[in-house]
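Asks: dropping the sequence and predicted coords here.
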Amino acid sequence: MKRGRPLLEVQDLRVYFPGKTRARPIRAVDGVSFTLHKGETLGLVGE
């Protein structure tokens with residue numbers, strides 16, 4: 001299958017939320033990278 005250019009490319013994604021005490025942030029996503037091409041599917045599961 002010919003891949004060609006990606007439809008979506010994410011590199012080093014980081015998402016943080018403030019903690020209850022604000023002393024330390026909560027890491028929801030830390031350093032995630034992925035590439036999606038036509039016809040591919042990505043599933044993301046979390047708590």
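Replies: Sure thing, it's come through. None of the values given here were measured: they were computed from a predicted structure. Numbers count the residues shown, from 1 in each chain.
Asks: other residues contacting stretch 33-47?
Replies: 1, 3-4, 6-13, 28 (C-beta atoms under 8 Å, 6 or more residues apart in numbering). Every C-beta, even on glycine, is put in place using the N, C-alpha and C of the backbone.
Asks: would you turn those into TSV with pLDDT and neighbour count?
Replies: Output for the contacts of stretch 33-47, formatted as TSV (pLDDT from 0 to 100; neighbours: other C-beta atoms under 10 Å):
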residue	pLDDT	neighbour count
M1	59	7
R3	75	10
G4	86	8
P6	94	13
L7	95	11
L8	95	10
E9	96	11
V10	96	13
Q11	97	9
D12	97	8
L13	95	12
A28	88	12
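Asks: the spatially closest residue to P6 that is not a sequence neighbour: which element?
Replies: Distances taken as C-beta to C-beta, 6 or more residues apart in numbering place T35 nearest to P6, at 4.7 Å, with adjacent residues excluded. Of the helices and strands defined by DSSP states H and E, T35 is found in strand 26-36.
Asks: and that strand, how far out from the chain's middle?
Replies: In terms of C-alpha atoms, centre = their mean, to the nearest Å, the centre of strand 26-36 is found 3 Å from the chain centre.
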